[in-house]
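> Got a predicted structure plus its sequence, pasted below:
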Amino acid sequence: MIDRVAANTHILRDAAGWTQEEAAHRCDEMPIRVYQMVERGQANVTARTLARLCHGFSVDPVALLAPSAPRAKRKAKRLQEKR
């Protein structure tokens, strides 16, 4: 479930064209570090956090909990710069 919420949160933020900071702000002033952990799949999402995300993105919980395509892993920036 954590992976689903992470992937769907990232997809919704990307579709809205928001930065992580803007998304966190729109999600009921969620602390940016908490938002980042959610999007990376490193946070155990509570009902309150899920509600804040739903409010911020104006979606039902189903939109965050639904299966989604796995996100592609990004290469570290340092590796890209060396090429």
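It's in. Numbers count the residues shown, from 1 in each chain.

> what about the closest residue to Ser68 other than its chain neighbours, which SS state?
Distances taken as C-beta to C-beta, 6 or more residues apart in numbering place Ala7 nearest to Ser68, at 4.5 Å, with adjacent residues excluded. Placement of C-beta: from N, CA and C, glycine included. At Ala7 the chain is in helix, as set by DSSP: H, G, I helix; E, B strand; the rest coil.

> Tell me the confidence at Ala7?
According to the prediction, Ala7 has pLDDT 93.

> Repeat that for Asn44.
88.

> what residues are up against the residue nearest to it when sequence neighbours are not counted?
In this structure, Asn44 finds its nearest non-sequential neighbour in Ile2, 6.7 Å apart by C-beta to C-beta, 6+ apart. Residues counted as contacts of Ile2 (C-beta atoms under 8 Å, 6 or more residues apart in numbering) are Gly41, Ala43, Asn44, Val45.

> make it 7 Å
Gly41, Asn44, Val45 (C-beta atoms under 7 Å, 6 or more residues apart in numbering).

> One more: Val45?
Ile2, Val5, Val38.

> same thing but 6 Å
Val5 (C-beta atoms under 6 Å, 6 or more residues apart in numbering).

> do the same with Asp3
Per C-beta under 6 Å, 6+ apart, neighbours of Asp3: Gly41.

> List the buried residues of stretch 54-67.
Cys54, Gly56, Phe57, Ala63, Leu64 (16 or more other C-beta atoms under 10 Å).
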